[in-house]
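Trainee: got a predicted structure here, sequence first:
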Amino acid sequence: MGVVNVTPDSFSDGYPDPAAAIEHGMQLLRDGADILDVGGEATNPRARPVTADEELARVLPVVTALARHGRVSIDTTKAEVARAAVRAGAAIVNDVSGGLFDPAMRDAIEGVTYICGHLRGRTLAEVFRDESRPVGWQEVAAELAERIAALGARTGDVWVDPGIGFGKGADPATNEDLIRHAGDLGRQLGRPVVVGPSRKRYLRRRLIESRGSAEPSEADLDHATVDACLAAARSGANVLRVHNVALLRAGLIAYTKL
């Protein structure tokens, strides 16, 4: 799953110009992406919230264009945006909040694949304010089960995402435990698992701690992302969400030949 952020304030890799976002998505397809995850609202601790109208203006031209060439996911926590993006061609709704941010999401995802993400809180500010306690994979599994049950029978195919970095902070051990048990999570819930460690804060901290050096480069983070994704794949993850598809694709090709 390749990341297509149509945003000016994503923590990495934002393309606020729709034409640039479309070209980036096409390049990700050429690099080997199976799914393009289009998002119009950043979800990092420093991002500002946007209205549904602003989010729609950003993503709809991109979803419409890219859906002609590949499988598109809409990365949103808003039911209104999800409905419009599905009408524009999106086949998947990727909701990092698992329906917590917008209760109307329950009725917006009928008949489509839904990625139920894990976090705690009703806004991003709440999520990132409460990062003091480690979250184990079994807690995540139990809370995701509750979210899926609350969504009811309207959902089509449901995938789950342990929400790397969302409310787990930059603590490497907590996030690595979720990656290490991605397969256990999927087996316990009976669902495909999506893992998205790409360039996350915990990787940055891990690299700084292990090397005792300055801020890692984007290339450093991408190589660390590949290692994290291979660990997730070995555990049993089904979908890997990344910024640098070409590098992960090369790593996966080598990994599957071992």
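Mentor: Structure received. Numbers count the residues shown, from 1 in each chain.
Trainee: going forward, measure contacts between C-alpha atoms and count neighbours the same way
Mentor: Fine.
Trainee: how about the nearest residue to the residue most central in space within the chain, chain neighbours excluded?
Mentor: Taking CA atoms, centre = their mean, the centroid of the chain lies closest to residue 196, which sits 5.1 Å from it. Nearest non-adjacent residue to residue 196, counting by CA to CA, 6 or more residues apart in numbering: residue 241, 4.6 Å away.
Trainee: residue 116 too?
Mentor: What sits nearest to residue 116 in space, not counting adjacent residues and going by CA to CA, 6+ apart, is residue 98, at 4.4 Å.
Trainee: chain center to stretch 163-179, what's the gap?
Mentor: 13 Å (CA atoms, centre = their mean, to the nearest Å).
Trainee: how long is it from one end to the other?
Mentor: One end of stretch 163-179 sits 10 Å from the other (CA to CA, to the nearest Å).
Trainee: ok, and what's touching that stretch?
Mentor: Applying CA atoms under 8 Å, 6 or more residues apart in numbering, the set of residues contacting stretch 163-179 from outside is 96, 117-120, 127-137, 162, 195-197, 200-203, 205-206, 228, 231-232, 235.
Trainee: out of those residues, which are inside strands?
Mentor: In strands, defined here by DSSP state E, the members of the contacts of stretch 163-179 are 117, 195.
Trainee: please indicate which of the contacts of stretch 163-179 are buried?
Mentor: Neighbour-count burial (16 or more other CA atoms under 10 Å) applied to these gives 96, 117-120, 127-128, 131, 135, 137, 162, 195-197, 200-203, 205-206, 228, 231-232, 235.
Trainee: now residue 60: which helix or strand?
Mentor: Using DSSP states H and E, residue 60 sits within helix 52-66.
Trainee: got the buried residues for that helix?
Mentor: 52, 55-56, 58-66.
Trainee: check stretch 164-184 too.
Mentor: Within stretch 164-184, judged by 16+ other CA under 10 Å, the buried ones are 164-172, 174-176, 178-184.
Trainee: show me the helices in the stretch 51-200 of the chain, by range?
Mentor: Counting by DSSP state H, counting those that start in this stretch, residue ranges of the helices within the stretch 51-200 of the chain are 52-66, 79-88, 105-108, 124-129, 137-151, 172-180, 182-189.
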